[in-house]
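Novice: heads up, no residue letters with this:
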């Protein structure tokens, strides 16, 4: 097994998994709920999506050849405004993830030892990918947490439901013995 190939597969699978958590949360909520902010200094899910999309488009466009902080990105404006429809929010969300998955699918094993830049700071390609895994996981956690707060008792679990861990474990052990 080539560790570089395995790393790229793992990174791709991790990004898909965290995106799925965001997808499911967004699907549970109305446009109004996506714009809910618990405090004046808190971000709504819509703002987090706006920021993540801006970050993804900046970081992953021409990933190997240009600085990840593009000159036309205005990060501060990502924390202002809103989407007038849920479809507009989803379109921005999908555009960001499409840029990520497109860039990730073009990375070759040899590219992993290359240096890329983010705000002029050098990163190995692996380091840059890990930086984004961490960043997006952080924000997906915020999105899920806000979604759970908004839906409260109407929340649909994204993983193992409370009180069903043992049942889930037993099912998985049975599946993996086959």
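Specialist: All right, it came through fine. On a predicted model such as this, the values are computed, not experimentally measured, just so you know.

Novice: the residue most central in space within the chain: which element?
Specialist: Nearest to the mean C-alpha position of the chain, counting by C-alpha atoms, centre = their mean, stands residue 136 at 4.1 Å. Here residue 136 sits within helix 125-151, counting by DSSP states H and E.

Novice: that helix - what's its average pLDDT?
Specialist: Helix 125-151 shows an average pLDDT of 97 in the prediction.

Novice: for the very next helix or strand once past that helix, name the packing helices and strands.
Specialist: Using DSSP H and E, the helix or strand that follows helix 125-151 towards the C-terminus is helix 165-177. The helices and strands touching helix 165-177, judged by 3 or more C-beta pairs under 8 Å, 6 or more residues apart in numbering; DSSP states H and E, number zero. For every residue, glycine as well, the C-beta is placed using N, CA and C.

Novice: chain center to helix 165-177: distance?
Specialist: The chain centre lies 28 Å from the centre of helix 165-177; the measure is C-alpha atoms, centre = their mean, to the nearest Å.

Novice: picking up where we left off before, the residue nearest to the centre of the chain: what's its closest spatial neighbour, skipping adjacent residues?
Specialist: Excluding its sequence neighbours, the residue lying closest to residue 136 (C-beta to C-beta, 6 or more residues apart in numbering) is residue 18, at 5.7 Å.

Novice: the inter-axis angle of the host helix or strand of residue 93 versus helix 125-151?
Specialist: Residue 93 belongs to helix 86-106 when assigned by DSSP H and E. Angle of helix 86-106 versus helix 125-151, following axes from the mean of the first three to the mean of the last three C-alpha atoms, to 10 degrees, is 160 degrees.

Novice: quick one: the residue nearest to the centre of the chain and residue 52 touch, right?
Specialist: Yes: between residue 136 and residue 52 there is a contact under C-beta atoms under 8 Å: 6.4 Å.

Novice: which positions in the helix or strand bottoming out on mean pLDDT in the chain come out as buried?
Specialist: Every helix and strand in the chain was compared by mean pLDDT, DSSP states H and E; the lowest is helix 165-177, with a mean of 88. Counting neighbours by 16 or more other C-beta atoms under 10 Å, one finds that helix 165-177 has no buried residues.

Novice: count the neighbours of residue 39 for me.
Specialist: Residue 39 has 6 neighbours, counted by other C-beta atoms under 10 Å.

Novice: for residue 143, grab the count of nearby residues.
Specialist: Counted with other C-beta under 10 Å, the neighbours of residue 143 add up to 24.

Novice: correct me if wrong: it contacts residue 48.
Specialist: Yes: using C-beta under 8 Å, residue 143 is in contact with residue 48, at 5.7 Å.

Novice: who touches the least confident helix or strand of the chain?
Specialist: Contact with helix 165-177 is made by residue 160, as judged by C-beta atoms under 8 Å, 6 or more residues apart in numbering.
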